[in-house]
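Novice: Need the 3D shape of this:
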Amino acid sequence: MMVLLAGADVNLAWGRRYGLVGRNGLGKTTLLKMLATRSLRVPAHISLLHVEQEVAGDDTPALQSVLESDTVREDLLQRERELSAQIATGRAEGSEAAQLAEVYAKLEEIEADKAPARASVILAGLGFTPKMQQQPTREFSGGWRMRLALARALFARPDLLLLDEPTNMLDVRAILWLENYLQTWPSTILVVSHDRNFLNAIATDIIHLHSQRLDGYRGDFETFIKSKQERLLNQQREYEAQQQYRQHIQVFIDRFRYNANRASQVQSKLKMLEKLPELKPVDKELEVVMKFPDGFEKFSPPILQLDEVDFYYDPKHVIFSRLSVSADLESRICVVGENGAGKSTMLKLLMGDLAPVRGIRHAHRNLKIGYFSQHHVEQLDLNVSAVELLARRFPGRPEEEYRHQLGRYGISGELAVRPVASLSGGQKSRVAFAQMTMPCPNFYILDEPTNHLDMETIEALGRALNNFRGGVILVSHDERFIRLVCRELWVCEGGGVTRVEGGFDQYRALLQEQFRREGFL
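Specialist: Next comes the predicted model:
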């Protein structure tokens, strides 16, 4: 049995927004579930919501589904209907009019008449168009139903809101809206997130899960990093000073242990050693390292182009019209845009997995593309080890070569021979990276590569891509990762792709202005 926490203590204060951070596999999600099921001590009067499962699909329109999450309002409206019907049909016994007046007063107190507008703003902020807000929930994909679950929780406004990686299901626009919305959240939030910029935007406190304990820090994520480094530095200094002091006393004890004249002094020194508190050295977290092999010959542009490309599955719904983009071996391009704008479709056109309806795809004859998407992680054979996985995909090589390849991505020792099913989500992603890079591609196309990765691995991935000598095009919603890697920002919208000259800062400013203009803030 794995012990997640030992003697850990945490107090959550009203009105604070806590970011729960720590390496993958340490139990952050388990801690949220224990709070959600009240396995940990949570006062009975505290209402809580854990955004974990997508909304079930039925005929309920999205907007109505959100409104129904406020059970207090729904109960009052139901009571209003019952009392009104009794009065209208003459079945009232006298007290109904007074009860109805009381219900109206309560509805006014909770501003029930403003609820549809508030629900609509939340849905719009999360990317639901007016038309989508009226669609039955059964018509939405799993990703959109997860957004709906988040919208319901935001609308219900529980005393304690528990969020587990909320940005994974969102595009950059929706993440930026959520940051703005949560900054004025009236009660308490506990959120697990690997998105550093998101935590900097919303967190008032950070809780660090490590070594089976929980340490609390005031401030956002950057403040936490500085405070943690100072704390660790002081801890190491205290430990080293005590070790020197212990050594000094031990030298005296060893020197005079058998000297009868010094026996009392030796005993005194031994007691001093016994009374010293046991300080421990700082547990050094192993640095995550990734490396993309790049022992290939450079070649001249053009490398990869789409020229005047049209693409659609249905002529009535054109996805791209006259799309022209190009990339070379120096490219570090990030593609952003709302979900459904065609980002993944464009990647497949660039790879040649989809053929243009009109226009041309040009690829250099020496181009060798490595492609990564979340489906690659989902399609890993879970019953074999990572070493066996590579051996089956690339047979005929010595085992040491497979182990070396996995070691580039932190899958070494016992991890490499365990069934893939027993690995964490982040470790499975690293196995998928090892598999993708084994043939030594000279160009990478990556679709949301940071999902399921912890912060340390995201940073390592960013460094590896920066050091890589080939080209990179990626889709990501992680602002820090985008800023870390990308030199060009492409926005997918309106059947085309626009290059944003001012990079992410300009894109962020454009979105903020759009929110203000459309009244989403």
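
Novice: Please export the C-alpha coordinates of stretch 367-383 as PDB.
Specialist: Written as PDB, here are the backbone C-alpha positions of stretch 367-383 (Å, rounded to 0.1, in the frame of the first residue of the first chain):
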ATOM      1  CA  LEU A 367      11.400  15.800 -44.600                       C
ATOM      2  CA  LYS A 368      10.800  13.300 -41.700                       C
ATOM      3  CA  ILE A 369       8.000  14.200 -39.500                       C
ATOM      4  CA  GLY A 370       7.500  13.100 -35.900                       C
ATOM      5  CA  TYR A 371       3.900  13.500 -34.800                       C
ATOM      6  CA  PHE A 372       2.500  13.600 -31.200                       C
ATOM      7  CA  SER A 373      -1.100  13.800 -30.000                       C
ATOM      8  CA  GLN A 374      -3.000  12.700 -26.900                       C
ATOM      9  CA  HIS A 375      -4.300   9.800 -29.000                       C
ATOM     10  CA  HIS A 376      -0.700   8.400 -29.100                       C
ATOM     11  CA  VAL A 377      -0.800   8.100 -25.300                       C
ATOM     12  CA  GLU A 378      -4.200   6.500 -25.300                       C
ATOM     13  CA  GLN A 379      -3.100   4.000 -28.000                       C
ATOM     14  CA  LEU A 380      -0.100   2.700 -26.100                       C
ATOM     15  CA  ASP A 381      -0.300  -1.100 -25.300                       C
ATOM     16  CA  LEU A 382      -0.800  -1.000 -21.600                       C
ATOM     17  CA  ASN A 383      -0.100  -4.700 -21.000                       C
END
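
Novice: Could you list the buried residues of it?
Specialist: The neighbour-count check on stretch 367-383 (16 or more other Cβ atoms under 10 Å) flags 367, 369-373, 376-377, 380 as buried. Using the backbone N, CA and C atoms, a C-beta is placed for each residue, glycine as well.

Novice: Report the rounded mean pLDDT for that stretch.
Specialist: Averaging pLDDT along stretch 367-383 gives 88.

Novice: List the residues that contact L389.
Specialist: With contact taken as Cβ atoms under 8 Å, 6 or more residues apart in numbering, L389 is in contact with 380-381, 420, 431, 435.

Novice: And the helices in the stretch 51-200 of the chain?
Specialist: 62-67, 71-88, 96-109, 115-125, 130-133, 142-156, 172-182, 196-202 (DSSP state H, counting those that start in this stretch).

Novice: mind checking which of those helices is nearest R332?
Specialist: Among the helices of the stretch 51-200 of the chain, helix 172-182 comes nearest to R332, with 17.0 Å by Cβ to Cβ.

Novice: now the angle from that closest one to helix 142-156?
Specialist: 20 degrees (axes from the mean of the first three to the mean of the last three Cα atoms, to 10 degrees).

Novice: And helix 172-182, what does it pack against?
Specialist: Here helix 172-182 touches helix 115-125, helix 142-156, helix 196-202, helix 503-518, going by 3 or more Cβ pairs under 8 Å, 6 or more residues apart in numbering; DSSP states H and E.

Novice: switch to 10 Å and redo it
Specialist: On a contact count with 3 or more Cβ pairs under 10 Å, 6 or more residues apart in numbering; DSSP states H and E, helix 172-182 meets helix 115-125, helix 142-156, strand 160-164, helix 196-202, strand 332-336, helix 479-485, strand 488-493, helix 503-518.

Novice: which stretches of the stretch 401-521 of the chain have low pLDDT?
Specialist: Applying pLDDT under 70 to the stretch 401-521 of the chain picks out residues 521.

Novice: could you pull out the strands for it?
Specialist: Assigned by DSSP state E, counting those that start in this stretch, the stretch 401-521 of the chain shows strands spanning 443-447, 471-475, 488-493, 496-499.

Novice: Let me see the domain layout of the chain.
Specialist: Per automatic domain parsing, the structural domains of the chain span 61-138, 224-275, 290-368+440-521, 381-438.

Novice: Helix, strand, or coil at the residue lying closest to M436 once chain neighbours are set aside?
Specialist: Of all residues not flanking M436 in the chain, G370 sits nearest, at 4.8 Å (Cβ to Cβ, 6 or more residues apart in numbering). Judged by DSSP: H, G, I helix; E, B strand; the rest coil, the three-state class of G370 is strand.

Novice: Does G370 touch P449 like I think?
Specialist: No - under the criterion of Cβ atoms under 10 Å, G370 lies out of contact with P449, with a separation of 11.0 Å.

Novice: For those two, list the residues in contact with both.
Specialist: Common neighbours of G370 and P449 (criterion: Cβ atoms under 10 Å, 6 or more residues apart in numbering): 433, 436.

Novice: Go ahead and confirm G342 touches V325.
Specialist: No - judged on Cβ under 10 Å, G342 makes no contact with V325 at a distance of 12.0 Å.

Novice: Touching both of those two, which residues are there?
Specialist: Residues touching both G342 and V325 (Cβ under 10 Å, 6+ apart) are 335, 349, 496-497.

Novice: I'd like the helices and strands packed on helix 172-182 written out as JSON lines, with distance to E230 and mean neighbour count added.
Specialist: Listed next are the helices and strands packed on helix 172-182 as JSON lines, based on distance: least, Cβ to Cβ, whole Å; neighbours: other Cβ atoms under 10 Å:
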{"stretch": "helix 115-125", "distance to E230": "37", "mean neighbour count": "19"}
{"stretch": "helix 142-156", "distance to E230": "35", "mean neighbour count": "21"}
{"stretch": "strand 160-164", "distance to E230": "28", "mean neighbour count": "22"}
{"stretch": "helix 196-202", "distance to E230": "18", "mean neighbour count": "23"}
{"stretch": "strand 332-336", "distance to E230": "34", "mean neighbour count": "23"}
{"stretch": "helix 479-485", "distance to E230": "22", "mean neighbour count": "21"}
{"stretch": "strand 488-493", "distance to E230": "35", "mean neighbour count": "20"}
{"stretch": "helix 503-518", "distance to E230": "30", "mean neighbour count": "14"}
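
Novice: So which of the contacts of L389 are in helices?
Specialist: Among the contacts of L389, DSSP state H puts 431, 435 in helices.

Novice: ok, of the contacts of L389, which one's closest to G410?
Specialist: Nearest to G410 among these, with distances taken as Cβ to Cβ, is V431, at 10.0 Å.

Novice: For A434, see how far away L474 is.
Specialist: Applying Cβ to Cβ, to the nearest Å, the value for L474 to A434 is 18 Å.

Novice: returning to that earlier point: next, format the helices and strands packed on helix 172-182 as JSON lines and append distance to S264.
Specialist: Putting these into JSON lines (distance: least, Cβ to Cβ, whole Å) gives the following:
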{"stretch": "helix 115-125", "distance to S264": "76"}
{"stretch": "helix 142-156", "distance to S264": "69"}
{"stretch": "strand 160-164", "distance to S264": "59"}
{"stretch": "helix 196-202", "distance to S264": "58"}
{"stretch": "strand 332-336", "distance to S264": "72"}
{"stretch": "helix 479-485", "distance to S264": "62"}
{"stretch": "strand 488-493", "distance to S264": "76"}
{"stretch": "helix 503-518", "distance to S264": "71"}
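
Novice: so A115 touches Q64, yeah?
Specialist: No - A115 lies out of contact with Q64 (Cβ under 10 Å); the separation is 11.1 Å.

Novice: what is in contact with those two at once?
Specialist: What both A115 and Q64 touch, as defined by Cβ under 10 Å, 6+ apart, is an empty set.

Novice: distance between the ends of stretch 13-20?
Specialist: Between the start and the finish of stretch 13-20 there is a gap of 14 Å, counting by Cα to Cα, to the nearest Å.

Novice: if you average pLDDT over that stretch, what comes out?
Specialist: Average pLDDT, stretch 13-20: 96.
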